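> prediction below, plus the sequence it came from.
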Amino acid sequence: MFCVVGEGHSIRDNRPPSVDALARRLANDVDVPHAVLVDVARRAIAEGGTHEEITVRALDVGHQLAQSLMGEVINATGVLLHTNLGRAPLAVARGGRAVNVEFDINDGSRGSRHDPIAHLIRLLTGAEAAVVVNNNAAAVLLVLAALAAGRDVAVSRGESVEIGGGFRIPDVMARSGARLVDVGTTNRTRLGDYRAAIDEPSNDVALVMRVHPSNFSIDGFVQRTAIEDLATLEVPVVADLGSGLLDNGVPWLPNDFRPVPSWLTTEPGVRQALAAGADIVTFSGDKLLGGPQCGIIAGRAELVARCAAHPLMRALRPGHHALLPLQEVLLAHLRRDVASTVPFWSMVVRTQTSLLARAAAVVDSAGIGVVERTDAVVGAGAAPDATVPSAAIAISGDHSEALRAASPLPIIARVHHGRTLIDLRAIDPADDALIVDALTALKD
């Protein structure tokens with residue numbers, strides 16, 4: 001028999017639920033393993049409160065935890081290579097089988113994880129040799145450690161940059177064991193500045209390094225020394241290209257995508273940098289290349305071999321989970337079908353006219369929003385000044401939270417001047433129906 005403590009309540013009502021009972025209750029609404037739900041239940045119970053308060057809190061925490069796990073989302077931000085959303089998306093299917101990552105099927109002996117990929121990179125860029133590491137910061141670190149440890153590296157003051165996450169070129173240089181020698185000024189660095197650093201008796205310059213500006217640009221009264229001129233110096237030239245555009249002539253794009261947009265033709269290409277005289281180039285795999293996260297070192301065979309033989313290589317090398325999709329993307333470039341097989345390049349070739357038509361169809365089906373011309377950006381520190389004409393669905397108010405909660409996939413939109421914009425350039429047309437469903441739900 002219960003003792004009444006208030007209308008409709010009892011002493012037992014105020015007892016906390018059991019951990020197991022609460023975890024089983026959560027399983028009806030939160031799709032994570034039971035062990036995770038037990039942890040959520042314990043934490044909610046420990047904070048105290050009524051049975052109802054504990055249950056509500058546990059549900060909130062459980063939903064937040066489930067949403068925090070990595071999974072696919074719809075990128076409606078208008079940023080094609082969104083670093084927070086994984087940069088270049090990949091469409092990779094696997095059979096769950098082993099991979100001959102270091103096994104030579106031709107003769108049954110142990111093989112090299114680098115040689116097949118390097119062969120493809122050589123064909124695409126004209127490099128003598130190449131190796132792959134786990135990201136471009138690792139590529140820069142390895143090059144500096146292998147080729148300049150204990151010695152000086154000349155870098156323009158205008159290129160001593162900080163990229164996202166607080167990573168700075170001077171810090172990477174210090175960790176590699178090389179010494180940074182600043183040359184020139186923030187806005188103007190001439191060939192003579194590099195030569196003076198090399199000729200300075202107190203310096204021991206092993207390399208001259210060009211650094212991609214990543215997420216900023218300097219305009220106005222500026223001067224940057226060309227790679228062709230740096231190549232006349234008596235030390236090797238390393239060009240950190242960052243963005244990973246293999247060839248700024250983009251020969252892999254279809255003929256109807258001409259003329260090539262200026263943001264591509266003015267972005268430094270790997271093939272052009274090597275042809276201009278760079279001895280080593282480093283670049284990312286998950287930016288304009290459109291592949292997985294990795295860093296690529298390409299250039300003179302003797303210098304690449306020194307990088308591959310350095311002890312850091314073992315720590316920085318990628319596994320087949322990166323090498324296999326990288327290989328597929330490189331093969332797509334060689335087949336010249338990236339526009340249909342590599343998601344990033346599919347985004348690039350979409351016309352604004354087609355995007356406007358898709359946006360109009362979505363608005364018509366959902367019965368909410370208006371179509372708006374927009375400018376998408378490349379993102380991820382690639383082509384920092386570039387914009388790409390796009391189209392968006394605009395809705396008054398901030399609906400970003402509701403869109404993030406959309407099912408089956410969260411929709412990540414941007415809010416600008418009190419309106420929510422769903423930019424279509426980075427959205428696969430197959431997902432337009434999900435946009436319609438999410439927008440329709442906003443009316444309820």
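Yep, that arrived. Numbering: from 1, shown residues only.

> what separates residue 122 from residue 274, distance-wise?
10 Å (C-beta to C-beta, to the nearest Å). Using the backbone N, CA and C atoms, a C-beta is placed for each residue, glycine as well.

> what touches both of those two?
Common neighbours of residue 122 and residue 274, counting by C-beta atoms under 8 Å, 6 or more residues apart in numbering, are residue 298.

> tell me the pLDDT at residue 96?
Note on residue 96: pLDDT of 82.

> and residue 122 and residue 274? which has more neighbours close in?
residue 274 (22 against 15; other C-beta atoms under 10 Å).

> can you pull the contacts of the more buried one?
By C-beta under 8 Å, 6+ apart, the contact set of residue 274 is 125-127, 281, 298-299.

> ok, residue 321 next?
Taking C-beta under 8 Å, 6+ apart as the criterion, residue 321 is in contact with residue 292.

> same thing with the one 4 residues further on?
Applying C-beta under 8 Å, 6+ apart, we find residue 325 in contact with 90, 92, 291-292.

> those: which two are farthest apart?
Spatial extent of the contacts of residue 325 (C-beta to C-beta) is set by the pair 92 and 291 at 9.9 Å.

> now residue 187, nearest residue through space, not along the chain?
Nearest residue to residue 187, sequence neighbours excluded (C-beta to C-beta, 6 or more residues apart in numbering): residue 222, at 4.8 Å.

> where does that neighbour land on pLDDT?
71.

> check the one 3 residues further on too.
At residue 225 the predicted local confidence, pLDDT, stands at 87.

> enumerate every residue touching it.
156, 189-191, 193-194.

> ok, now residue 345?
By C-beta under 8 Å, 6+ apart, residue 345 lies in contact with 252-253, 290, 338-339.

> one more time with 7 Å, if that's ok
Counting by C-beta atoms under 7 Å, 6 or more residues apart in numbering, residue 345 makes contact with 290, 338-339.

> can you point out the buried residues in stretch 387-397?
By neighbour count on 16 or more other C-beta atoms under 10 Å, the buried set for stretch 387-397 is 388-395.

> narrow those to those in strands?
388-395 (DSSP state E).

> got those residues as TSV, with distance to residue 307 and pLDDT columns?
What follows is these, written out as TSV (distance: C-beta to C-beta, whole Å; pLDDT from 0 to 100):
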residue	distance to residue 307	pLDDT
388	35	93
389	40	95
390	39	97
391	44	98
392	44	98
393	47	98
394	49	97
395	51	97
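
> now tabulate the contacts of residue 345 in a markdown table and tack on secondary structure, pLDDT and neighbour count.
Formatted as a markdown table, the contacts of residue 345 follow (DSSP: H, G, I helix; E, B strand; the rest coil; pLDDT from 0 to 100; neighbours: other C-beta atoms under 10 Å):
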| residue | secondary structure | pLDDT | neighbour count |
| --- | --- | --- | --- |
| 290 | coil | 95 | 28 |
| 338 | helix | 95 | 24 |
| 339 | helix | 93 | 18 |
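
> quick check, nearest of these to residue 324?
residue 290 (14.8 Å).

> residues contacting that closest one?
Counted by C-beta under 7 Å, 6+ apart, residue 290 has contacts 88, 329, 338, 342-345.

> got it, and residue 340?
residue 346.

> how far off centre is stretch 381-388?
14 Å (C-alpha atoms, centre = their mean, to the nearest Å).

> same check on stretch 317-329?
15 Å.

> which positions in that stretch come out as buried?
For stretch 317-329, the neighbour count (16+ other C-beta under 10 Å) marks 317-318, 322-329 as buried.

> in helices, which of these appear?
322-329 (DSSP state H).

> export the residues you listed as CSV, with columns for pLDDT and distance to residue 263.
Listed next are these as CSV, based on pLDDT from 0 to 100; distance: C-beta to C-beta, whole Å:
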residue, pLDDT, distance to residue 263
322, 93, 27
323, 94, 29
324, 94, 30
325, 94, 25
326, 96, 24
327, 96, 27
328, 95, 25
329, 96, 20
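
> output the longest helix belonging to the chain.
Across the chain, the helix with the greatest residue count (assigned by DSSP H) is helix 51-68.

> what's the average pLDDT for it?
Per-residue pLDDT over helix 51-68 has a mean of 89.

> partners of residue 393 in the sheet?
Residue 393 has the following beta-bridge partners by DSSP bridges: residue 371, residue 422.

> which of the buried residues of stretch 317-329 sits closest to residue 404?
Residue 404 lies nearest to residue 325 out of those, by C-beta to C-beta, at 27.0 Å.

> ok, that closest one to residue 136 distance?
Residue 325 is 16 Å from residue 136, by C-beta to C-beta.

> contact partners for the residue nearest to residue 386 when sequence neighbours are not counted?
Excluding the flanking residues, the one nearest residue 386 by C-beta to C-beta, 6+ apart is residue 263, at 3.2 Å. Residues in contact with residue 263 (C-beta under 7 Å, 6+ apart) are 378, 383, 386.

> could you dump those residues to TSV with distance to residue 102, secondary structure and pLDDT?
Compiled in TSV, these are given as follows (distance: C-beta to C-beta, whole Å; DSSP: H, G, I helix; E, B strand; the rest coil; pLDDT from 0 to 100):
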residue	distance to residue 102	secondary structure	pLDDT
378	35	coil	90
383	36	coil	74
386	39	coil	81
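
> ok, now how distant is residue 207 from residue 125?
From residue 207 over to residue 125 (counting by C-beta to C-beta), the distance is 20 Å.

> got it, and residue 282?
From residue 282 to residue 125 the distance is 12 Å (C-beta to C-beta).

> can you list the domains in the protein?
As given by automatic domain parsing, the domain ranges for the chain are 4-68, 74-89+350-442, 115-341.

> between the ones you listed, which gets the lowest average pLDDT?
domain 4-68 (a mean of 81).

> distance from that domain to the middle of the chain?
So, by C-alpha atoms, centre = their mean, the centroid of domain 4-68 is 38 Å from its chain's centroid.

> one more: stretch 257-275?
That offset, for stretch 257-275, works out to 20 Å (C-alpha atoms, centre = their mean).

> just the CA trace of it, in PDB.
Extracted in PDB, the C-alpha atoms of stretch 257-275 (Å, rounded to 0.1, in the frame of the first residue of the first chain):
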ATOM      1  CA  PHE A 257      32.900  22.000 -69.100                       C
ATOM      2  CA  ARG A 258      34.900  24.700 -71.000                       C
ATOM      3  CA  PRO A 259      36.200  27.200 -70.500                       C
ATOM      4  CA  VAL A 260      37.600  25.900 -67.300                       C
ATOM      5  CA  PRO A 261      36.700  28.300 -64.400                       C
ATOM      6  CA  SER A 262      39.500  30.700 -63.400                       C
ATOM      7  CA  TRP A 263      39.600  29.400 -59.800                       C
ATOM      8  CA  LEU A 264      41.000  26.100 -61.200                       C
ATOM      9  CA  THR A 265      43.400  27.500 -63.800                       C
ATOM     10  CA  THR A 266      45.000  29.900 -61.300                       C
ATOM     11  CA  GLU A 267      45.300  27.300 -58.600                       C
ATOM     12  CA  PRO A 268      48.900  25.800 -58.500                       C
ATOM     13  CA  GLY A 269      48.900  22.400 -60.200                       C
ATOM     14  CA  VAL A 270      51.300  19.600 -59.200                       C
ATOM     15  CA  ARG A 271      52.300  18.900 -62.800                       C
ATOM     16  CA  GLN A 272      53.000  22.600 -63.400                       C
ATOM     17  CA  ALA A 273      55.000  23.000 -60.200                       C
ATOM     18  CA  LEU A 274      57.200  20.000 -61.100                       C
ATOM     19  CA  ALA A 275      57.600  21.200 -64.700                       C
END
